[in-house]
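J.: Only the shape, not the letters, is given here:
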């Protein structure tokens, strides 16, 4: 017995029996009434365990299913997600003056972002609950991941997006067979989603509270597996984990995974969680002591996947409980320079939102002994146009050595 | 002792000492003079081995370095490539009337294509040989992979491409810091590359023979690791392995890996290798008994990564020695329908060239007991525009349930 089949509010600790479908994406009604919407997340009983149980026969991240919020016997909806590698960046560590920096390369997932960890668990839960349609509000990675897993499970998927999303993202979501529609204003998606959930019993794969609480609680715990994998992969436990964040589902899930490892006695302490965010709603709330993250001023950002003026209580909670930090990285120029620098020096091409992690990391005051993990959340291929705008045209040359040398400046 | 430090011609068996840099990308001079250019590939001595040796401390596919053409002590240039998962497609198997169909999902590599297996070994070899500049003629995946690994190794990378390559591919190659130039005609790249290799001692990461022989011989053997992994991953050895092919480097490497497994006694026999190709140069040569594959008629193709009117002697050799087949899939419509079908039914979004595997597979006469592996060579994200052209515009709707239901046809 590990998953208790209850959800608990992160803020007031009120407990709810699973399933409480009306709370999925909405959070705790009591805290909502209190003006501080907060997510409800699964509760586990780890008594008697001293390691992360591994289910050998299960695919992808379902090898950790004992610590996922699923009923025994629910068939895994898997595309062999997870088990992503870490890539060591010794030159970056040297420049930052820390012991080590590694990237957990989550672009190596089925839809090339870490949202597959959320999607695999959330869609499996939908199957467990006998749901026929899943609905998600997304600017891309989240929607693509849900669409892919819904396709794998044979469920209908409806994606509510916004017109400004890059065309690559729209195509990707449609390619997986999802019904994709755009709404004029981002926040309109949430009220529409709530209505669809209440009226038709569709399952929310992302949040629909306003201000937001975070995503589908089952999906959030899919990210716990990043921590379990890191504990196996790294020689020493990390001191700092940097995660690009909007509503901080990924950051929260990773922190929860590390908390499990501490509770199990596998690790002595949790790493400091660091949120990299374009506009800094979590950073502002940490500075002011607020329970509500944002809204802060914002503008269009090349880091569209995380470009939110608001954060979440769950994000603040994970940052505060780990002694963490949040760093705003508002400049498109800085973000794209970080993206190019990592690709051209280390061979890793990350989406702009993912690349915010590097300037955020550089802004921290780190101990020379620190070992750092950066979560590389998604591939640069998701919005190649942003990169292309910073690069020269490819020249067409005559087929001659001199012409080539001139073109490459050699 | 496994790698003998010799290269042998696939056709006349002439042996050459490693390094013979002038043969890399050119092949055997004797067979070239004979009018049938043929690649020279590494020779191993497997005597005394009864399994694939695994080097535990090595990153990525270098865990198999005992069967790679590298000197002991050469530091691996790795981005944690390989170890890609297999995804089971029971519905496809049922429709085709075979025992099983799995995808070896090579989109899960560092640059999201199987070319990373070639690039990691070829660039490591460049480091071993003290080369400062690598040069590659590529329409995208190959060039991107080489550029990423060159970045990781700190080598200069020059990519010769053509103007018609999708912009995503150009951006990707540039993002990794490569110097990318386009030539007016594809074949002009080969003569220019040969000149650069001869004049400056740059190492060829792809072929420059005309007609082609295939790629860098060291890189070709990077693909052997796909076979080694499959032998570990599958319950039963595969009967048929389908590989999208142009000059058939991947297909040849995989076949060579299976041949190793047979020689080692791990497998009883090699699977039948099947080439999926837009225009069918290998198919035509198999039918006519020729040693030269193409040229066959061609036109622009959505499967630009494999859209070649010519194949290679190495490809024909692997197909003939395994009792294999080659299937031409010339229709853009058929290819894009296969791409959409796999994404929307199974959650796997492959590049168009990769999607040629599915119509090719459907055209085969397969035994009901057959277990089939399809190599998913690259992600659909490499040319999203081709998919987008087949999809409806994302509608912008009013935030109302009725508007949503109308938009999704429900």
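T.: Perfect, thanks for sending it. A quick note: this is a predicted structure, and the numbers were derived from the prediction, not measured.

J.: any chance you could map the strands in the stretch 301-410 of chain A?
T.: Using DSSP state E, counting those that start in this stretch, the strands of the stretch 301-410 of chain A run over A:325-328, A:371-376.

J.: Summarise which helices and strands the shortest one is packed against.
T.: Applying 3 or more CB pairs under 8 Å, 6 or more residues apart in numbering or on different chains; DSSP states H and E, we find strand A:325-328 packed against strand A:272-277, helix A:281-288, helix A:313-321. Bear in mind the C-beta positions are built from the backbone N, C-alpha and C, glycine included.

J.: Tell me which of the ones you listed sits most buried.
T.: Of all the helices and strands packed on strand A:325-328, strand A:272-277 has the most neighbours on average by mean count of other CB atoms under 10 Å in any protein chain shown, namely a mean of 29.

J.: If you count contacts, what does that strand end up packed against?
T.: Counting contacts by 3+ CB pairs under 8 Å, 6+ apart, strand A:272-277 is packed against strand A:240-244, helix A:249-263, helix A:281-288, helix A:313-321, strand A:325-328, helix A:357-362.

J.: ok, now how distant is residue A:1 from chain B?
T.: Relative to chain B, residue A:1 is positioned 30 Å away (CB to the nearest CB, to the nearest Å).

J.: so that residue makes contact with residue A:44?
T.: No. Because the distance of 9.1 Å does not satisfy CB atoms under 8 Å, residue A:1 is recorded as not touching residue A:44.

J.: and the residue of the stretch 101-250 of chain A nearest chain B?
T.: Among residues of the stretch 101-250 of chain A, the one nearest chain B by CB to the nearest CB turns out to be residue A:177. It sits 3.1 Å away.

J.: got a list of what that residue touches?
T.: A:147, A:150, A:151, A:157, B:340, B:343, B:344, B:345 (CB atoms under 8 Å, 6 or more residues apart in numbering or on different chains).

J.: One more: residue A:400?
T.: With contact taken as CB under 8 Å, 6+ apart, residue A:400 is in contact with residue B:192.

J.: that older thread, can you check the pLDDT for the residue of the stretch 101-250 of chain A closest to chain B?
T.: Among the per-residue scores, residue A:177 holds a pLDDT of 97.

J.: which stretch of helix or strand covers it?
T.: Remark: residue A:177 resides in no helix or strand, with elements defined by DSSP states H and E.

J.: helix/strand/coil for residue A:41?
T.: Secondary structure assignment for residue A:41 (DSSP: H, G, I helix; E, B strand; the rest coil): strand.

J.: count of neighbours near it?
T.: Residue neighbour count, defined by other CB atoms under 10 Å in any protein chain shown, stands at 22 for residue A:41.

J.: I figured it hits residue A:4, correct?
T.: No. Here residue A:41 does not reach residue A:4: they are 11.6 Å apart, not a contact under CB under 8 Å.

J.: For whichever residue of the stretch 301-410 of chain A sits closest to chain B, which residues are in contact?
T.: Residue nearest to chain B within the stretch 301-410 of chain A: residue A:344 (3.1 Å; CB to the nearest CB). Residue A:344 makes contact with B:151, B:175, B:176, B:177, according to CB under 8 Å, 6+ apart.

J.: same thing but 10 Å
T.: With contact set as CB atoms under 10 Å, 6 or more residues apart in numbering or on different chains, residue A:344 has these partners: B:147, B:148, B:150, B:151, B:157, B:174, B:175, B:176, B:177, B:178.

J.: Inside helices: which ones of these?
T.: Among the contacts of residue A:344, the members falling in helices (DSSP state H) are B:147, B:148, B:150, B:151, B:174, B:175.

J.: what's the closest of those residues to residue A:304?
T.: Minimum distance to residue A:304 across the ones in helices among the contacts of residue A:344 is 17.9 Å, recorded for residue B:175 (CB to CB).

J.: If we ignore the residues flanking it in sequence, what's nearest that closest one?
T.: The shortest distance from residue B:175 to any residue other than its chain neighbours is 4.5 Å, reached at residue A:343 (CB to CB, 6 or more residues apart in numbering or on different chains).

J.: now swap in residue A:109 and tell me
T.: By the measure of CB to CB, 6+ apart, the closest residue to residue A:109 outside its immediate chain neighbours is residue A:116, 4.0 Å from it.

J.: ok, the one you found - contacts?
T.: Taking CB under 10 Å, 6+ apart as the definition of contact, the neighbours of residue A:116 are A:60-61, A:78-82, A:84, A:106, A:108-110, A:141, A:144-146, A:148-149, A:222, B:347.

J.: just to revisit the earlier point, which neighbours do residue A:1 and residue A:44 share?
T.: Shared contacts of residue A:1 and residue A:44, counting by CB under 10 Å, 6+ apart, come down to residue A:66.

J.: Mind checking which of those two has more residues around it?
T.: Neighbour totals were compared for residue A:1 and residue A:44, and residue A:44 leads with 20 against 11 (other CB under 10 Å).

J.: That one bridge partners, please.
T.: Partner residues in beta bridges with residue A:44, using DSSP bridges, are residue A:3.

J.: Distance check, it against residue A:55.
T.: Taking CB to CB, to the nearest Å as the criterion, residue A:44 is separated from residue A:55 by 15 Å.

J.: what does residue A:219 give?
T.: Note on residue A:219: its distance to residue A:55, by CB to CB, is 19 Å.

J.: out of the two, which sits in the more crowded spot?
T.: The neighbour comparison of residue A:219 against residue A:55 (other CB under 10 Å) goes to residue A:219, with 33 against 13.

J.: and the more buried one, what element?
T.: helix A:217-220.

J.: wait, does that helix contact chain B?
T.: No. Under the criterion of CB under 10 Å from any CB of the partner chain, helix A:217-220 makes no contact with chain B; the nearest approach is 15.8 Å.

J.: orientation of the helix or strand just after that helix relative to strand A:371-376 in degrees?
T.: Note on helix A:217-220: by DSSP H and E, the next helix or strand toward the C-terminus is helix A:224-233. Orientation note: helix A:224-233 sits at an angle of 140 degrees relative to strand A:371-376 (axes from the mean of the first three to the mean of the last three CA atoms, to 10 degrees).

J.: Mind giving me the packing neighbours of helix A:224-233?
T.: Helix A:224-233 sits against strand A:86-88, strand A:100-105, helix A:115-128, strand A:240-244, helix A:249-263, strand A:371-376, with contacts defined as 3 or more CB pairs under 10 Å, 6 or more residues apart in numbering or on different chains; DSSP states H and E.

J.: Same list (those) but as CSV, adding mean pLDDT and distance to residue A:215.
T.: Formatted as CSV, the entries for those read as follows, by pLDDT from 0 to 100; distance: least, CB to CB, whole Å:
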stretch, mean pLDDT, distance to residue A:215
strand A:86-88, 98, 25
strand A:100-105, 98, 20
helix A:115-128, 98, 6
strand A:240-244, 98, 14
helix A:249-263, 98, 4
strand A:371-376, 98, 16
